[in-house]
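> can't give you the sequence, but here's the structure:
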């Protein structure tokens, strides 16, 4: 008998082969994927630059109060309008990105189900006698949906996350490279100390 919990969190038999086969289902959507990457990159750039531009409004207010010349509200309003437009554009980019990924993922699921149907039509009847109907239905319905959901949620998210991390790092270096280096040292050391101390605590 199998041990309790056996079969849960199984690793792929051949991850590389699985990714290659999955990429073959995306060949017809290369232009859309390229567009998604560009939209995700644009959204990440907007997220990165908006706070920096918003900081100019704070600088304008501080300068006006510190020098005694008064606050140039027209300049502050102009900056706020620009930042608002940037956030609206970022929202639109996220919506467009999600919509395109939904279309691609559903096309992949459709092709998977068609290929599975063709495969099941070729296997002998004895195969269905040896395998439970619930397992076959799970493959035909749940597994195909899981592939579609994973594509929809992770592909564009990976692109935007990588660009956001790189962009934030560049902005941090532009503001103060000394503080950035201190953060790069203290944050890993803090995590390492927590990993050592928490089990003992």
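Noted; the coordinates are in hand. This is a predicted model, so every value here is computed, not measured.
> shaky segments in the protein?
Scanning the chain for pLDDT under 70 picks out 1-12.
> can you pull out the helices in this protein?
Per DSSP state H, the chain carries helices over the ranges 15-24, 30-67, 73-122, 125-130, 133-137, 144-175, 177-200.
> As TSV, those with mean neighbour count would be great.
No exception for glycine: its C-beta is placed from N, CA and C like everyone else's. TSV is the format used below for the helices of the chain (neighbours: other Cβ atoms under 10 Å):
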stretch	mean neighbour count
helix 15-24	10
helix 30-67	15
helix 73-122	15
helix 125-130	8
helix 133-137	10
helix 144-175	15
helix 177-200	10
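> gap between the most centrally placed residue in the chain and residue 151?
Geometric centre of the chain, nearest residue: residue 157, 1.1 Å, by Cα atoms, centre = their mean. Applying Cβ to Cβ, to the nearest Å, the value for residue 157 to residue 151 is 11 Å.
> same check, this time on residue 98
Distance, residue 98 to residue 151, using Cβ to Cβ: 12 Å.
> Got phi/psi on residue 131?
Backbone torsions of residue 131, given as degrees, to the nearest 10, read phi -120, psi 140.
> show me the contacts for it.
Contacts for residue 131 were tallied using Cβ atoms under 8 Å, 6 or more residues apart in numbering; there are none.
> again with residue 44
With contact taken as Cβ under 8 Å, 6+ apart, residue 44 is in contact with 159, 160, 163, 164, 167.
> Skipping adjacent residues, who's closest to it in space?
Residue nearest to residue 44 in three dimensions, not counting chain neighbours: residue 163, with 3.9 Å by Cβ to Cβ, 6 or more residues apart in numbering.
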